[in-house]
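Trainee: Sequence below, structure please.
(one chain, ligands or ions: 2)
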Amino acid sequence: MAEQPIGGAGLRGQSAGSTALCTVGQTGSGLTYRGFDIEVLAEKARFEEVAYLLLKGKLPNQAELDAYITKLKGLRGLPQALKTVLEQIPAGAHPMDVMRTGASMLGNLETEESFDQQQDVSDRLLAVLPSIICYWYRFSHDGVRIDTETDDESVGGHFLHLLRDEPASELHARVMNVSLILYAEHEFNASTFTARVCASTLSDMHSCVTGAIGSLRGPLHGGANEAAMAMIENWQSADEAEREIMGKLERREKIMGFGHAVYRESDPRNAIIKHWSKRLAEDVGDSVLYPVSERVEAVMWREKKLFCNADFFHASAYYFMDVPTKLFTPIFVCSRVTGWCAHVFEQRENNRIIRPSADYVGPEKSEWVPIEQRD
Ligand SMILES: CC(=O)SCCNC(=O)CCNC(=O)[C@H](O)C(C)(C)COP(=O)(O)OP(=O)(O)OC[C@H]1O[C@@H](n2cnc3c(N)ncnc32)[C@H](O)[C@@H]1OP(=O)(O)O
Ligand SMILES: O=C([O-])CC(=O)C(=O)O
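Mentor: Ligands and ions are numbered 1, 2, ... in the order given. All right, here's what the predicted structure looks like:
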């Protein structure tokens, strides 16, 4: 057997099961949720409609959507014990760690006792995750205890309202809606696979989501939007960006927000969020960050044939909406929780514990040496 490094090839290209939720890189459009092209959903749908599609299995009619929005609005409140925990977390903590703790603590307070509760538990998580992150952020940064039960119609509007203490503009609510749709679901990505592995042991929903948040946090996955922002904000012009990117490529550094494990030529979400980033750049009169981002995109394609993934233009879009960089990946959580929960439902529906094998590359059979005789 050929010697291989410890670690692995990332299971790239191997099927690890089936799903009815999403196709990635298979059809002409590149990305579909339950058969609907991402371009159509981003243009026509509300995020809550997409959440319904993923979680309940079909698009809602008007009455069903109205009832769902009303339900989500009624689930935004935080239990006192969760507020108390959030107030203990220091301002310097990473918001993804706060999300992880928040989801986990909720599991102590509102435990999923039976899989019959899975729809309600998922709706609660979807409604309350923006409240969790914004309650902590505003308490630790501004010293205020906010009321998280706003009357905003949308999840994105609710998030921005809590963050800034005023309702979101129409443009910002629209961009948040698109962003949440783009991030909602993506087949067997690392965080979703984490959720499914956890679900396959017949564990509870909060454990699946808590584990998934931990996986999404890393810069090779959801954390790339923050890492991209940390990079591009250093550059004052497109020419400076080009010089710096060339240097990074020479030093063989990874450029965050580029490349993908499945897509080979483009990520269909990029053109959509790029369009909205441009609109926001015009709205705020930006003449630096958007041109810098466009130049980085052009140089990466010219030099490496690497394209922007969903994360790259999300960085500038969120920046133009005044969202602090550390909150970029938590927004991803507020969206992807729909995909995670829907995958947990699927896993539970036809479950077998996920337990692959490893090729052993360690030492041959070894003799035990008493501790006093070891080097
Ligand atoms: C929402 C999301 O999670 S999207 C992904 C977000 N993550 C990022 O943006 C992080 C940066 N990108 C990456 O690290 C990778 O492209 C990943 C993790 C997304 C995919 O990883 P892989 O499937 O291993 O990438 P792939 O096999 O296509 O890589 C091929 C080559 O391109 C290089 N490459 C891939 N992405 C990048 C990048 N962003 N910058 C520089 N080089 C890159 C790899 O190092 C590899 O080079 P090598 O053959 O010399 O080792
Ligand atoms: O599919 C992946 O590997 C990563 C990704 O784009 C996502 O999770 O949205």
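
Trainee: excluding its backbone neighbours, what's nearest the most centrally placed residue in the chain?
Mentor: For the chain, the residue nearest the mean C-alpha position is Phe332 (3.1 Å; CA atoms, centre = their mean). Distance criterion CB to CB, 6 or more residues apart in numbering; nearest residue to Phe332, sequence neighbours excluded, is Gly222 at 4.5 Å. Heads up, the C-betas are built off the backbone N, CA and C, glycines and all.

Trainee: The one you found contacts Asn309, doesn't it?
Mentor: No. Here Gly222 does not reach Asn309: they are 10.8 Å apart, not a contact under CB atoms under 8 Å.

Trainee: what about these two, which has more around it?
Mentor: Gly222 (29 against 22; other CB atoms under 10 Å).

Trainee: so is that one in a helix, a strand, or just coil?
Mentor: coil (DSSP: H, G, I helix; E, B strand; the rest coil).

Trainee: for it, what are its contacts?
Mentor: Ser191, Leu216, Asp311, Thr329, Phe332, Val333, Arg336 (CB atoms under 8 Å, 6 or more residues apart in numbering).

Trainee: Just the ones in helices from those, please.
Mentor: Ser191, Leu216, Thr329, Phe332, Val333, Arg336 (DSSP state H).

Trainee: If you drop the residues flanking it in sequence, what lies closest to the last one?
Mentor: Read it as Arg336. Nearest one to Arg336, counting by CB to CB, 6+ apart, is Tyr183 at 5.7 Å.

Trainee: Could you export the ones in helices among the contacts of Gly222 to TSV, including columns for distance to ligand 1 and pLDDT?
Mentor: Output for the ones in helices among the contacts of Gly222, formatted as TSV (distance: CB to the nearest ligand atom, whole Å; pLDDT from 0 to 100):
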residue	distance to ligand 1	pLDDT
Ser191	8	98
Leu216	8	98
Thr329	10	98
Phe332	7	98
Val333	12	98
Arg336	9	98
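
Trainee: Could you give the separation between the terminal residues of stretch 79-96?
Mentor: Stretch 79-96 stretches 20 Å from its first residue to its last (CA to CA, to the nearest Å).

Trainee: tell me which residues of it are tucked away?
Mentor: Buried residues in stretch 79-96, counted by 16 or more other CB atoms under 10 Å: Leu82, Lys83, Val85, Leu86, Ile89, Pro95, Met96.

Trainee: Next up, the contacts around the residue in the chain that ligand 1 sits nearest to.
Mentor: Distance from ligand 1 to each residue of the chain (CB to the nearest ligand atom) is smallest for Gly259, at 2.4 Å. For Gly259, the contacting residues are Leu306, Phe307, Asn309, by CB under 8 Å, 6+ apart.

Trainee: wait, the first one sits on Lys254?
Mentor: In this case it means Leu306. No. With contact defined as CB under 8 Å, Leu306 does not count as touching Lys254 (9.9 Å).

Trainee: more neighbours, these two?
Mentor: Applying other CB under 10 Å to Leu306 and Lys254 shows that Leu306 carries more neighbours, namely 18 against 14.
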